[in-house]
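> Got a predicted model here, sequence first, then my questions.
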Amino acid sequence: MKKTTNTTVSYSELRTSKGTTIVIHDSRLHNPLKSRMYLFNTDRGEIIQYDKSIVGPKLFPLNEEDSLQAQDQYQQQWEKARNQFLGHDET
């Protein structure tokens, strides 16, 4: 599958004391609170609101190869969650 560069969506690793998980950030999912951000948590399979001051320092961008692997693995799950979040019924 051919991949295109998409600057609005980024893949990162969230590192916490409980472990690491891949998260997806889409800058098009605006949060009215500037101190908050929405991330798709791949372990939980849902979009979650996070506090930027807490999560920001724990986010580490994936390199290109890992990002492409994450995109292959989580793209369908992510798109379904995003459509539900935005109120689109595209199953």
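On my side now, so go ahead.
> For the rest of this, base every contact and every neighbour count on C-alpha atoms.
OK.
> Identify the residues contacting residue 85.
When contacts are counted by C-alpha atoms under 8 Å, 6 or more residues apart in numbering, residue 85 touches residue 47.
> How confident was the prediction at it?
pLDDT for residue 85: 91.
> quick one, strands of the protein?
Taking DSSP state E, the strands of the chain run over residues 9-16, 19-26, 36-41, 46-51, 59-61.
> mind listing what the second one pairs with, with the direction of each?
In other words, strand 19-26. strand 9-16 (antiparallel), strand 36-41 (antiparallel) (DSSP bridges).
> Those strands into JSON lines, with extra columns for mean pLDDT?
JSON lines is the format used below for the strands paired with strand 19-26 (pLDDT from 0 to 100):
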{"stretch": "strand 9-16", "mean pLDDT": "96"}
{"stretch": "strand 36-41", "mean pLDDT": "96"}
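> From the centroid of this structure, which residue is nearest?
Residue closest to the average C-alpha location in the chain (C-alpha atoms, centre = their mean): residue 24, at 1.3 Å.
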